[in-house]
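Participant: coordinates only, sequence not included:
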């Protein structure tokens, strides 16, 4: 619709401009024609005046002598208006050529304008900007509309594969609508386009790894690891990759390793937007090790964020069926979400049950998806022998909906009981 509107407007303007050029050519009045028009006007005036004299003479107003005198004077004035040596006007030799040029312009200007604009114009950038504006619009069908626009943008980018801004916007859009695999592909394309800038390429690979990490719901699969390796090979301090490695290490209860990854981020990017959450994760990891973070007094407590205080237990009917080393995942998603990455996740074992946990931003999988950014979450606790966060038949599970509250709000922990076994 945008391109059609543009060309309609362009055609109207071109025709309007041509009208100024063509009008004098087609509707030019020659000198002879102008003189002929004057003679015709004089002749009409002569005949009209002559009739008036006839009427006045017949009515007795004029005598014979006066009547003849006025007729002679009228005839004399008529002759004075006709040039004595009038010559036929020669045809202007260039007029036919001018008409040919004008007709040729009607055909060539629109075609030439279209071709030139396709070659050097900015319609792609205009459409890209308008698409972005539509993507930022709100509405009940926003996700479906954004998905459609994203696919249209992808088709455009397949014709213009060197458009760096377009690939960046496409990847961000796919992330917003939780099409993580498509987002990862777009980020990888972006990484290749900016390969001459190692730092930018590393960030793109890191974001690709993050998208794949969300797709697998927190599993460090070979594609995720490959994207991380590509990022760190270009920049050993790429924060997205280090953040994912820290989250994975923390979920594996390898708290020392998680601390190492996260501390590297605080040194490399002290102004990171989520630096407070990262430091909170470091403090939590030290707490799991039974240690106090370096430089922090015993009485000091790390900065906390909004979250949910949780008490997780298992139903007595399943307690004897679950080995103590069974993996326990506890994760939270925004209430109403149909999928996507959790805003908080932790990994324990069945032997820790019952356990008290506070899910806050220190358990975030990404700085862009934190529990403090939502008002209500659905929390799931799942015991799995496979070790996969994805639900499998035979897993034991429980869930509860809870409100996210500030860290200084007192109250009883939310009770979450693992009270069902999955069958499919």
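Facilitator: Nice, I can see it. Remember, predicted model here, so these are calculated numbers, not experimental data. Numbers count the residues shown, from 1 in each chain.

Participant: show me where the stretch 151-300 of the chain has helices.
Facilitator: Per DSSP state H, counting those that start in this stretch, the stretch 151-300 of the chain carries helices over the ranges 164-176, 180-193, 198-215, 222-234, 239-251, 255-268, 275-288.

Participant: In JSON lines: those, plus mean pLDDT.
Facilitator: Below are those laid out as JSON lines (pLDDT from 0 to 100):
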{"stretch": "helix 164-176", "mean pLDDT": "85"}
{"stretch": "helix 180-193", "mean pLDDT": "91"}
{"stretch": "helix 198-215", "mean pLDDT": "90"}
{"stretch": "helix 222-234", "mean pLDDT": "93"}
{"stretch": "helix 239-251", "mean pLDDT": "87"}
{"stretch": "helix 255-268", "mean pLDDT": "90"}
{"stretch": "helix 275-288", "mean pLDDT": "79"}
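
Participant: Make a markdown table from the ones you listed and add mean neighbour count and distance to residue 406 to it.
Facilitator: The C-beta positions use only the backbone N, C-alpha and C, and glycine is treated the same way. As requested, those are exported to a markdown table (neighbours: other CB atoms under 10 Å; distance: least, CB to CB, whole Å):
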| stretch | mean neighbour count | distance to residue 406 |
| --- | --- | --- |
| helix 164-176 | 21 | 27 |
| helix 180-193 | 22 | 31 |
| helix 198-215 | 25 | 27 |
| helix 222-234 | 19 | 34 |
| helix 239-251 | 25 | 24 |
| helix 255-268 | 19 | 24 |
| helix 275-288 | 21 | 14 |
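
Participant: Dump those helices to CSV, plus distance to residue 390.
Facilitator: Below are the helices of the stretch 151-300 of the chain laid out as CSV (distance: least, CB to CB, whole Å):
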stretch, distance to residue 390
helix 164-176, 20
helix 180-193, 14
helix 198-215, 11
helix 222-234, 14
helix 239-251, 14
helix 255-268, 22
helix 275-288, 24
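
Participant: of these, which approaches residue 55 most closely?
Facilitator: Closest of the helices of the stretch 151-300 of the chain to residue 55 is helix 164-176, at 86.1 Å (criterion: CB to CB).

Participant: Go ahead and confirm residue 314 touches residue 416.
Facilitator: No. Residue 314 lies out of contact with residue 416 (CB atoms under 8 Å); the separation is 10.0 Å.

Participant: need the contact list for the closest residue to residue 406 other than its chain neighbours.
Facilitator: The shortest distance from residue 406 to any non-neighbouring residue, by CB to CB, 6 or more residues apart in numbering, is to residue 306 (5.2 Å). The contact partners of residue 306, taken as CB atoms under 8 Å, 6 or more residues apart in numbering, are 360, 361, 371, 372, 404, 405, 406, 407.

Participant: same deal with residue 322?
Facilitator: 314, 350, 383, 396.

Participant: do residue 275 as well
Facilitator: By CB under 8 Å, 6+ apart, residue 275 lies in contact with 265, 266, 269.

Participant: Also residue 231?
Facilitator: Residue 231 makes contact with 202, 203, 205, 206, 209, 238, 240, 241, according to CB under 8 Å, 6+ apart.

Participant: picking up where we left off before, among the contacts of residue 306, which ones are buried?
Facilitator: 360, 361, 371, 372, 404 (16 or more other CB atoms under 10 Å).

Participant: Make a markdown table from those residues and add secondary structure, pLDDT and distance to residue 230 to it.
Facilitator: Formatted as a markdown table, the buried ones among the contacts of residue 306 follow (DSSP: H, G, I helix; E, B strand; the rest coil; pLDDT from 0 to 100; distance: CB to CB, whole Å):
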| residue | secondary structure | pLDDT | distance to residue 230 |
| --- | --- | --- | --- |
| 360 | coil | 85 | 31 |
| 361 | helix | 82 | 28 |
| 371 | helix | 87 | 30 |
| 372 | helix | 87 | 31 |
| 404 | coil | 90 | 35 |
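
Participant: any idea how far residue 415 lies from residue 281?
Facilitator: 26 Å (CB to CB, to the nearest Å).

Participant: that older thread, tell me the two of the buried ones among the contacts of residue 306 that are most distant?
Facilitator: Maximum pairwise distance in these, criterion CB to CB, is 10.4 Å, between 361 and 404.

Participant: shared neighbours of those two, anything?
Facilitator: Common neighbours of residue 361 and residue 404, using CB under 8 Å, 6+ apart, are 306, 307, 371, 372.

Participant: looking at it, the third one is touching residue 362, isn't it?
Facilitator: Spelled out, it's residue 371. No. Contact criterion CB under 8 Å: residue 371 and residue 362 do not qualify, at 9.6 Å.

Participant: joint contacts of the two?
Facilitator: residue 305.

Participant: in the stretch 301-424 of the chain, which segments are predicted with low confidence?
Facilitator: Where the stretch 301-424 of the chain drops to pLDDT under 70, the residues are 301-304, 338-340, 366-368, 424.
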